[in-house]
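S.K.: What would the 3D arrangement of this be:
(2 chains)
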Amino acid sequence: MTGHEQTPDLLVSVRDLRFGYGSRMIYDGVDVDIRRGKVTAIMGPSGTGKTTLLRIIGGQWRPTGGTVLFDGADVHQQNRKALYRMRQRMGMLFQNGALLTDLTVFDNVAYPLREHTKLAEALIRDIVLMKLEAVGLRGARDLYPEELSGGMSRRVALARAIALDPDMVMYDEPFTGQDPISMGVLMRLIRSLNTSLGITSVVVSHDVEEVLSIADYAYIVAGGKVLDHGTPDQIRGSESALVRQFLEGRPDGPVPFHYKAPPLEQDLMGDAR
Amino acid sequence: MNGIRLVLTNFLSGLGRAQFFLLGVLSAIGPALLRPRIIVRQLYMIGVLSLVIIVISGMFIGMVLALQMANTLDRFGAEDAVGVIVALAVIRELGPVVTALLFAGRAGSALAAEIGLMRATDQLSAMEMMAVDPMRRVVAPRFIAGVISLPLLTAIFSVMAIGVAGGHLIAVDLLGGDTGTYWSQIHANVDLTDLRQCFIKSAVFGAVINWIAMYQGYHAPPTSEGVSTATTSTVVVSSLSILALDFVLTAFMFR
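M.R.: Residues are numbered from 1 along each chain as shown, chains lettered A, B, ... in the order given. Below is the predicted model:
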């Protein structure tokens, strides 16, 4: 699969993606399709570059090889103005929320509207309150980010990410460090925003069961490659040893428990260092 | 030998990156001027909040300078010249240089830490993903506010050092000098060229301090150590740059 299929339901198409830091390759020929109106999960062990993939799709980082098409246009061939127009159609939820700390919850959600529209302040107020209502935080509008819990910050960031009614929202590890209630709230939000607003969702996570329960399609990424992809049921039935290790959370397997090191005896008997 | 080459390469590549960064800041100034409210807020954060340290320092530097001068000049019967010496020393050198050093310590370090933390907490990335250019919304407004603030703070510093609470307090109120002589000597010997040079120095220092602080903060590694190093580097590099630039500017001005 090297060429881009031009099917109308494809919003993002990643082909033969290559990316690395120095000599370390993060991606070595990755193909991913994000279909419109679906929740697509990107899963894999920590350190496999899942967040990197989102930053590449968003055009923040440039791949060393391969292409990323967003709605048919190559993300990395756009000039700054066109890229910024493209980004207005993408929302991104950062792992820690990344709210602007000198603004209130209300002003954070209003920020993209004030930057990119000429709407009257009264209309902006209505939109912001509706977005905050959607994430259940209309009552927290006057709080500052430091007064919010981790889960609330992410919900505010989600309201901000959907402020401009984007075509797609990318979620970077939305469930990490959340208590079961916050996790349940975020899962319900991602699914309901997807169904009610028709937003295409890309969820990067290593919380296997939670993500598979809301995803329509999933990719398992490790070692710079896509190991497997399919519907949640297909993934659950995968016979790949690495996928099984990942899904079942076994400490040892194709991904070794020990970081690469010389034999223990050699280390213990050798010179102290 | 390899070590020296590595240090030199790192220094030159850092300098190159800093120059590209400055070009980015300068090109963002125009769009940033369209949002004056952000600049006004930064004028408050950078300028107004630096007032206390500038006023108090100006006062004490004027006082100590007048005390030293009065003691020495008294031996030659030239105590009437205290005012003019204080005024020239402050307007030509101490005003712009000390204000800039204090500004680097107070506002420069705060700017580097603020922008470094925004980078570390993904706020700058979030702005980029919201299609908002952080150069226009974060960096350029602070740069403009810094360049405006420093000459104003220098003027306030100089007034405090020469005026009622500084040199005047010692030379006239404490040591019994004549107030008319104090001011007329200053009036006769300080000309517009001195004031213009004072302004040019402080504007250049303002631009350099803000450039260094923004660059250090913007490129700080996203860790607590990274932000702390950026803050320290801002103060050290800015202070050394101010002293070196002061020499260069003075040499050109008094050719």
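S.K.: which residues of the stretch 101-250 of chain B fall in helices?
M.R.: B:109-120, B:123-129, B:134, B:140-162, B:167-168, B:179-189, B:192-218, B:224-253 (DSSP state H, counting those that start in this stretch).
S.K.: For B:Ser233, see how far away B:Thr193 is.
M.R.: 35 Å (C-beta to C-beta, to the nearest Å). (C-beta placed from N, C-alpha, C; glycine too.)
S.K.: contacting residues around the residue in the stretch 151-255 of chain B that chain A sits nearest to?
M.R.: Taking C-beta to the nearest C-beta as the measure, the point where the stretch 151-255 of chain B comes nearest chain A is B:Pro222, at 11.0 Å. Applying C-beta atoms under 8 Å, 6 or more residues apart in numbering or on different chains to B:Pro222 gives the contacts B:Arg119, B:Ala120.
S.K.: Against A:Thr104, how distant is it?
M.R.: Relative to A:Thr104, and taking C-beta to C-beta, B:Pro222 is found at 25 Å.
S.K.: Quick check: pLDDT value at the residue found closest to A:Ser46 once you drop the neighbours it is linked to in the chain.
M.R.: Closest residue to A:Ser46 apart from its sequence neighbours, by C-beta to C-beta, 6 or more residues apart in numbering or on different chains: A:His206 at 6.3 Å. Here, the pLDDT recorded for A:His206 equals 82.
S.K.: Is A:His206 in contact with A:Ala41, as I believe?
M.R.: No: using C-beta atoms under 8 Å, A:His206 is not in contact with A:Ala41, being 10.2 Å away.
S.K.: Just want to know which of those two has more residues nearby.
M.R.: For A:His206 versus A:Ala41, the count of surrounding residues by other C-beta atoms under 10 Å in any protein chain shown is larger for A:Ala41: 27 against 18.
S.K.: Now do the SS call for that one.
M.R.: Secondary structure, DSSP: H, G, I helix; E, B strand; the rest coil: A:Ala41 is strand.
S.K.: now swap in A:Gln60 and tell me
M.R.: Assignment for A:Gln60 (three-state DSSP): coil.
S.K.: Next, count neighbours for it.
M.R.: A:Gln60 - counted by other C-beta under 10 Å - has 16 other residues nearby.
S.K.: Chain B contacts on chain A?
M.R.: A:55, A:58, A:60, A:84-85, A:87-88, A:90-92, A:94-96, A:98-101, A:111-112, A:115-116, A:157, A:160 (C-beta under 8 Å from any C-beta of the partner chain).
S.K.: picking that back up, same list (the helices of the stretch 101-250 of chain B) but as TSV, adding mean pLDDT and distance to A:Asp167.
M.R.: Below are those laid out as TSV (pLDDT from 0 to 100; distance: least, C-beta to C-beta, whole Å):
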stretch	mean pLDDT	distance to A:Asp167
helix B:109-120	94	27
helix B:123-129	92	14
helix B:134	92	24
helix B:140-162	93	30
helix B:167-168	88	67
helix B:179-189	89	68
helix B:192-218	94	30
helix B:224-253	94	35
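S.K.: Relative to A:Thr67, tell me which of those wins on proximity.
M.R.: helix B:123-129 (20.1 Å; C-beta to C-beta).
S.K.: Averaged pLDDT, stretch A:175-195. What do you get?
M.R.: The model assigns stretch A:175-195 a mean pLDDT of 84.
S.K.: Where does residue 28 fall, secondary structure wise?
M.R.: By default, I'm working from chain A. strand A:24-35 (DSSP states H and E).
S.K.: That was the other one, I meant chain B.
M.R.: Here B:Ala28 sits within helix B:2-33, counting by DSSP H and E.
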